[in-house]
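**Q** let me see the structure of the following:
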Amino acid sequence: MNRIQFPGLGLDFTVNETAFSIFGIDIKWYGVIITTGILLAFLLFYRYAVKKEGIDPDSIYNVTLLVMPVGIIGARFVYVATEWERFKGTGFLNIINIRQGGIAIYGAIIFGLVAVLIHNKIKKLNSLSMLDALAPAVMLGQAIGRWGNFVNAEAYGWSEGVDKLPWRMVLDYYVIDGKKNPVGVNCVHPTFIYESLWNILGLAIILFILYRKKKFNGEIFFAYLGWYGLGRAYIETLRADSLYIVGNLKFSVFVGIVCVIAAIIGELVLYSRHRTERGEMEEYTSAYATVKIATSNEEDALDQSVFDTENDVSDDSEESEELEDIGDYDEETLAEQDMLDGDPDDIDEEEEEQ
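**A** Numbers count the residues shown, from 1 in each chain. Below you'll find the predicted structure:
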């Protein structure tokens with residue numbers, strides 16, 4: 001049982017970490033919340049992958065079934081690697097026992113990203129397009145999953161002046177950088193809430209602004225990478241349970257900064273490529289339009305020529321018909337005249353008889 005208070009807000013919670021039991025196995029709220037986040041993330045991923053990116057549903061299922069276990073393995077691997085002194089010599093079963101806690105979200109992101117790239121390379125799918133649909137889904141899963149830390153009363157932070165904040169959090173006990181209940185610590189930052197809200201804000205920006213104006217593949221993924229990296233790098237400076245690389249260098253601060261730099265470079269490179277391709281397309285379109293106009297003019301000229309030729313032929317035919325009519329008329333007129341005047345030979349014969 002964990003008692004969690006927010007005295008500045010007048011809130012007081014007593015939370016049991018166990019949600020229910022099945023065949024004597026306790027199912028923790030943390031696991032239930034994480035699973036809920038994964039399920040909702042998949043639904044969002046499916047919707048945007050199909051509706052926005054036109055990805056085949058079978059590919060979505062295949063990627064999801066691949067990324068989920070690989071992401072869990074990666075999250076545990078990074079955690080154990082950064083806490084190796086604690087796990088060294090404890091045995092393989094203890095190393096993989098995530099029921100005792102210990103996963104790093106960046107491990108899930110890194111291993112999951114590699115899995116997507118390899119899968120799409122083999123299947124010849126557009127990785128950037130799929131990552132655009134996957135990015136907001138990951139943000140949603142992270143925003144929900146962080147509330148598992150609330151139930152466990154963990155992932156909090158500390159800094160000078162935290163006791164003056166209206167949203168300060170009070171727990172039964174504190175562990176600050178491995179030291180339990182250090183002197184002067186009476187309340188802490190609810191950093192898990194900070195990260196959840198940061199992800200919700202980023203998700204809203206991506207879904208309602210960036211995705212609606214998306215210009216090129218990869219734009220959404222790098223926006224997510226930069227947004228999450230920036231927020232996590234700052235929030236991690238407050239965290240009291242950070243993983244360290246060397247000395248006082250926090251793993252998530254370092255990776256967060258790397259993500260921001262990678263996001264900026266990625267956006268600039270893809271935007272430059274997009275502008276180049278758009279310029280080439282505009283040139284092609286302009287050239288095509290010029291050729292089309294010239295072809296159209298030639299066709300119009302040809303049609304006019306044919307039309308004039310047909311008119312000339314028609315006029316000649318009409319003149320021939322008129323001439324034929326005149327000839328027929330002249331022959332008839334001469335015949336009638338002969339009948340009236342009589343044949344001169346006949347007239348001579350009549351005169352001889354007389």
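
**Q** could you pull up the mean pLDDT of stretch 158-174?
**A** In this model, stretch 158-174 has a mean pLDDT of 95.

**Q** same check, this time on stretch 268-280
**A** Here the average pLDDT along stretch 268-280 is 88.

**Q** can you give me the buried ones in it?
**A** Buried positions in stretch 268-280, judged by neighbour count with 16 or more other CB atoms under 10 Å: L270. For every residue, glycine as well, the C-beta is placed using N, CA and C.

**Q** same thing with stretch 75-89?
**A** 75-80, 82.

**Q** okay, now the unreliable bits of the protein?
**A** 280-292, 294, 296-354 (pLDDT under 70).

**Q** now the helices for it?
**A** Here the chain has its helices, by DSSP state H, at 29-51, 57-82, 84-87, 92-95, 105-123, 127-145, 147-152, 191-205, 219-236, 251-341, 344-353.

**Q** other SSEs contacting the second one?
**A** Helices and strands touching helix 57-82, as assessed by 3 or more CB pairs under 8 Å, 6 or more residues apart in numbering; DSSP states H and E, comprise helix 29-51, helix 105-123, helix 127-145.

**Q** among the helices of the chain, which is nearest A19?
**A** helix 29-51 (4.6 Å; CB to CB).

**Q** need the contact partners of that closest one.
**A** Helix 29-51 has contacts (CB atoms under 8 Å, 6 or more residues apart in numbering) with 15-19, 55, 57, 60, 64, 68, 130, 132-134, 136-138, 140-145, 147-149, 151-152, 211.

**Q** list only buried entries from those residues.
**A** Using 16+ other CB under 10 Å as the threshold, 55, 60, 64, 68, 130, 132-134, 136-138, 140-145, 147-149, 151-152, 211 are the buried ones among the contacts of helix 29-51.

**Q** what residue is smack in the middle of the protein?
**A** D132 (2.7 Å; CA atoms, centre = their mean).

**Q** export the helices and strands packed on helix 57-82 to JSON lines and append columns for distance to Q5.
**A** Shown next, in JSON lines, are the helices and strands packed on helix 57-82 (distance: least, CB to CB, whole Å):
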{"stretch": "helix 29-51", "distance to Q5": "18"}
{"stretch": "helix 105-123", "distance to Q5": "26"}
{"stretch": "helix 127-145", "distance to Q5": "23"}
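
**Q** please identify the deepest-packed of these.
**A** Among the helices and strands packed on helix 57-82, helix 127-145 has the highest mean neighbour count (mean count of other CB atoms under 10 Å), at a mean of 24.

**Q** isn't G231 right up against S196?
**A** No - using CB atoms under 8 Å, G231 makes no contact with S196, being 10.5 Å away.

**Q** can you tell me which residues contact I235?
**A** Counted by CB under 8 Å, 6+ apart, I235 has contacts 157, 191, 194-195, 198.

**Q** got those as JSON lines, with neighbour count and distance to F251 columns?
**A** Listed next are those as JSON lines, based on neighbours: other CB atoms under 10 Å; distance: CB to CB, whole Å:
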{"residue": "G157", "neighbour count": "21", "distance to F251": "15"}
{"residue": "T191", "neighbour count": "23", "distance to F251": "15"}
{"residue": "Y194", "neighbour count": "21", "distance to F251": "18"}
{"residue": "E195", "neighbour count": "23", "distance to F251": "15"}
{"residue": "W198", "neighbour count": "21", "distance to F251": "18"}
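
**Q** let me know the closest of these to V185.
**A** Nearest to V185 among the contacts of I235, with distances taken as CB to CB, is G157, at 10.9 Å.

**Q** the closest one bridge partners, please.
**A** Beta bridges link G157 to H189, R239 when assigned by DSSP bridges.

**Q** quick one: contacts for it?
**A** Contacts of G157 (CB under 8 Å, 6+ apart): 188-189, 191, 235, 238-240.

**Q** one step back: looking at the helices and strands packed on helix 57-82, which is nearest to T276?
**A** Comparing these by CB to CB, helix 127-145 comes nearest, at 16.1 Å.

**Q** put the alpha carbons of that closest one into CSV.
**A** Extracted in CSV, the C-alpha atoms of helix 127-145 (Å, rounded to 0.1, in the frame of the first residue of the first chain):
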residue,chain,number,x,y,z
SER,A,127,10.1,3.1,-42.9
LEU,A,128,9.6,6.9,-42.6
SER,A,129,5.9,6.6,-43.5
MET,A,130,5.4,3.9,-40.9
LEU,A,131,7.4,5.7,-38.2
ASP,A,132,5.1,8.8,-38.8
ALA,A,133,2.1,6.7,-37.9
LEU,A,134,3.9,4.9,-35.0
ALA,A,135,5.3,8.1,-33.3
PRO,A,136,2.0,9.5,-31.9
ALA,A,137,1.0,6.0,-30.9
VAL,A,138,4.2,5.7,-28.8
MET,A,139,3.5,9.1,-27.3
LEU,A,140,0.0,8.0,-26.2
GLY,A,141,1.4,4.8,-24.7
GLN,A,142,4.0,6.7,-22.8
ALA,A,143,1.5,9.3,-21.5
ILE,A,144,-0.7,6.5,-20.1
GLY,A,145,2.1,4.2,-18.9
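
**Q** for it, packing partners?
**A** Short answer (3+ CB pairs under 8 Å, 6+ apart): helix 127-145 packs on helix 29-51, helix 57-82, helix 105-123, helix 191-205, helix 219-236.

**Q** okay if I get these as TSV plus distance to I245?
**A** As requested, these are exported to TSV (distance: least, CB to CB, whole Å):
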stretch	distance to I245
helix 29-51	25
helix 57-82	7
helix 105-123	12
helix 191-205	19
helix 219-236	12
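
**Q** of all the ones you listed, which one is nearest L9?
**A** Using CB to CB, the nearest of the helices and strands packed on helix 127-145 to L9 is helix 191-205, at 11.4 Å.

**Q** no further questions, thank you.
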